[in-house]
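K.L.:
Mind folding the following:
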Amino acid sequence: MPLYGELFVSEIIKRPLFDPKGEIVGRVKDIIIVKGDPLPKVSALVVQMKSQLFLVKWGDINIFNKRIISTFLYSDALTLCEINEDELLAVRDILDKQIVDINGAKVVRVNDIKLDGYNGEAVLIAVDVGMRGILRRLRIEHGSEEFLKIFQTKLPYNLISWNYLQPLRPQLNAITLTVPRQMVSELHPADIAEIISQVSRDEGAHLFKDLDLETAAGALSELEPDKQAEIINAIDTEKAADIIEEMPPDEAADVLSDLPTEKAKEILEHIEKEEAEDIQELLSHEEDTAGGLMTNVFIAYPADITVKEAFERFRKDAEEIETVYYIYITDAQEKLVGVASLRDLLLAEPSAKLSEVIETKLKTVAPDTDEMDVAEIISKYNLLALPVVDNEGTLLGVVTIDDIMDVILPPAAKRQRRKM
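P.N.:
Have a look, this model is predicted:
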């Protein structure tokens, strides 16, 4: 086994490579990495001798550690190396690159790479994303430790196991990680959005395209408008439409309003007619009004059904709705006549009619009501959602408390919804 003990890539780069007689045949310039089981492994060293590059395969390595690196070969037996763009090199392709830390749900920069021995191979076990990695590359790690001891302070380790990393760039796909990409999908959509916001457009699009539709929709809704537009423009129209369809209509309308008109119309043409109509209806309202804030997907039942019947319907209907705080009661003309909270229904007798348990003294707003007035009403009356009705009392939609939070605590780049 040529590798004895753990070491870091920075500790071997520019180190001399010795032949069997102890003569220097060159200096290590880079390391070629290939797929391994269970971890990526070193397949060869790229060695520089004068102005030429040579390839030394792992099987030709005799000793490989931080103190000495030697080969069974003499200089005249070395093979000239032509670096292929498809190959993965530790220094060129991994060091200083951004990688997703799945465990910490953040983007990190690789300052160093930790290697260790496994079944006679040198495998990549972790990356160093902390100050130690930087100091090690500057060859002052040990001195920094000694200096900090004076102040009774230790230099922390900040290593992330390779098992918790997800590559961002296609180049890194040359390595098959033990971590399935589903681990990214298991993150909260807000965490995924934060990761995408920290990287370049190409990197964000590459990460985004591997998400399942539901996760992609959740992450997209958490992004700032400019990032949303970048992502949607970077993927094909059909997939963009599939993702938009997974979003609540109000959030879908927000996304489409930030796209070029032609692009938005093209996406709408690929969305099912009923859902596209819901989105277009919302796009017709000004952004800073109740109509612009509301969602037109809600649960409304007639007053003459029983509480038991309402719950039977609710179990099915609620699956398609993001947030449900109240059940609304409408007449045959879809005019709002009352509202019942889920708590009211749970406490009511199953045989009771909805007309017996609903609240008929309603707080409502018109679609053109200013968003700050909507926020004031919701706050004053401690509401979780506020119905939006037209001049005839027809229920058009509801503004929920989470919509109002975006008004009270607006995102860095406030939306300006464009009519279509």
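
K.L.:
where's residue 32, which helix or strand?
P.N.:
Assessed by DSSP states H and E, residue 32 sits inside strand 24-34.

K.L.:
C-terminal to that strand, what's the next element?
P.N.:
strand 41-49.

K.L.:
Can you tell me which helices and strands that following strand packs against?
P.N.:
Where contact means 3 or more Cβ pairs under 8 Å, 6 or more residues apart in numbering; DSSP states H and E, strand 41-49 is packed against strand 24-34, strand 52-57, strand 121-128. Every residue, glycine included, has its C-beta placed from N, CA and C.

K.L.:
Okay, buried residues for it please.
P.N.:
41, 42, 43, 44, 45, 46, 47, 48 (16 or more other Cβ atoms under 10 Å).

K.L.:
Help me confirm that residue 375 comes into contact with residue 404.
P.N.:
Yes. With contact defined as Cβ atoms under 8 Å, residue 375 counts as touching residue 404 (4.8 Å).

K.L.:
Neighbour count: the two, which is higher?
P.N.:
Between residue 375 and residue 404, counting by other Cβ atoms under 10 Å, residue 404 is the more crowded of the two (23 against 20).

K.L.:
Distance check, that one against residue 253.
P.N.:
Residue 404 is 17 Å from residue 253, where distance means Cβ to Cβ, to the nearest Å.

K.L.:
Could you do residue 337 as well?
P.N.:
Distance, residue 337 to residue 253, using Cβ to Cβ: 27 Å.

K.L.:
what does residue 186 give?
P.N.:
Per Cβ to Cβ, residue 186 is found 28 Å from residue 253.

K.L.:
List just the one of the helices and strands packed on strand 41-49 that sits closest to residue 242.
P.N.:
strand 121-128 (34.2 Å; Cβ to Cβ).

K.L.:
And the closest one, how far out from the chain middle?
P.N.:
With Cα atoms, centre = their mean, to the nearest Å as the basis, strand 121-128 stands 25 Å off its chain's centre.

K.L.:
Out of the buried residues of strand 41-49, the closest to residue 67 would be?
P.N.:
Nearest to residue 67 among the buried residues of strand 41-49, with distances taken as Cβ to Cβ, is residue 45, at 15.9 Å.

K.L.:
For the closest one, which non-adjacent residue is closest in space?
P.N.:
Once flanking residues are discounted, residue 45 sits nearest to residue 56: 4.6 Å by Cβ to Cβ, 6 or more residues apart in numbering.

K.L.:
so what pLDDT did residue 233 get?
P.N.:
Looking at residue 233, its pLDDT reads 85.

K.L.:
which SS state does it fall under?
P.N.:
helix (DSSP: H, G, I helix; E, B strand; the rest coil).

K.L.:
what about the closest residue to residue 148 other than its chain neighbours, how many residues close to it?
P.N.:
Once flanking residues are discounted, residue 148 sits nearest to residue 155: 5.6 Å by Cβ to Cβ, 6+ apart. Using other Cβ under 10 Å as the criterion, residue 155 is surrounded by 17 other residues.

K.L.:
Please report how far residue 155 lies from residue 136.
P.N.:
From residue 155 to residue 136 the distance is 10 Å (Cβ to Cβ).

K.L.:
repeat for residue 88
P.N.:
22 Å.

K.L.:
repeat for residue 214
P.N.:
Per Cβ to Cβ, residue 214 is found 42 Å from residue 136.
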